[in-house]
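Asker: One predicted model, sequence on top.
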Amino acid sequence: MASVQRNRQANKRVFVPRTKERLQFIQQHTVGSDKLMVYEFVSKDCEVCKAMRRPFMDLSGKFHDKAGFFKLDVDRFQDLATNYGVEAYPTFVLVKLENGEKVVDKVVGVKEVTLENSIQRAIDEN
């Protein structure tokens, strides 16, 4: 089962799946595999990750119709983090699933404007 962090304002949501199977299900049936996937890899002990909670939620609201937003605990998704070369937290990986999985960008750290620009570029390339 995945939890969903919701903000009081409409269309702001971040999926928090607990298994890879649940992540895949949400991607296919809730978000749609034609949209950009934005993965935030976090560690539960990371204070910097906690600081990005609100900005990440705000970006999920801004781009809700173009992308799916996922918060992934590195302890639960070690294989995925390793696959994407995640070495620091938070790391944001932007992935397109159409015609096979393709990483389009990776942002490390807490620069909200950098992440927003990266998401916008990835969407505009479609």
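Answerer: Right, received. Where do you want to start?
Asker: Just give the number of residues close to Phe25.
Answerer: Here the neighbour count serves as a burial measure; for Phe25 (other CB atoms under 10 Å) it reads 13. (C-beta placed from N, C-alpha, C; glycine too.)
Asker: Packing partners of the strand or helix carrying it?
Answerer: When secondary structure is defined using DSSP states H and E, the element that contains Phe25 is helix 20-26. Packing partners of helix 20-26 (3 or more CB pairs under 8 Å, 6 or more residues apart in numbering; DSSP states H and E): strand 67-73.
Asker: can you list the residues that contact the strand it packs on?
Answerer: 5, 13-17, 23, 26-27, 30-32, 35-44, 56, 59-60, 63, 80-81, 119, 123 (CB atoms under 8 Å, 6 or more residues apart in numbering).
Asker: Could you tell me which of the residues you listed belong to strands?
Answerer: Using DSSP state E, the members of the contacts of strand 67-73 that fall within strands are Gln5, Arg13, Val14, Phe15, Val16, Leu36, Met37, Val38, Tyr39, Glu40, Phe41, Val42.
Asker: Dump those residues into TSV; add neighbour count, distance to Ala88 and pLDDT as well.
Answerer: Output for the ones in strands among the contacts of strand 67-73, formatted as TSV (neighbours: other CB atoms under 10 Å; distance: CB to CB, whole Å; pLDDT from 0 to 100):
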residue	neighbour count	distance to Ala88	pLDDT
Gln5	15	22	55
Arg13	17	25	89
Val14	21	20	93
Phe15	21	22	94
Val16	20	20	93
Leu36	22	22	93
Met37	24	20	94
Val38	26	17	96
Tyr39	23	14	96
Glu40	24	12	97
Phe41	26	9	97
Val42	25	11	96
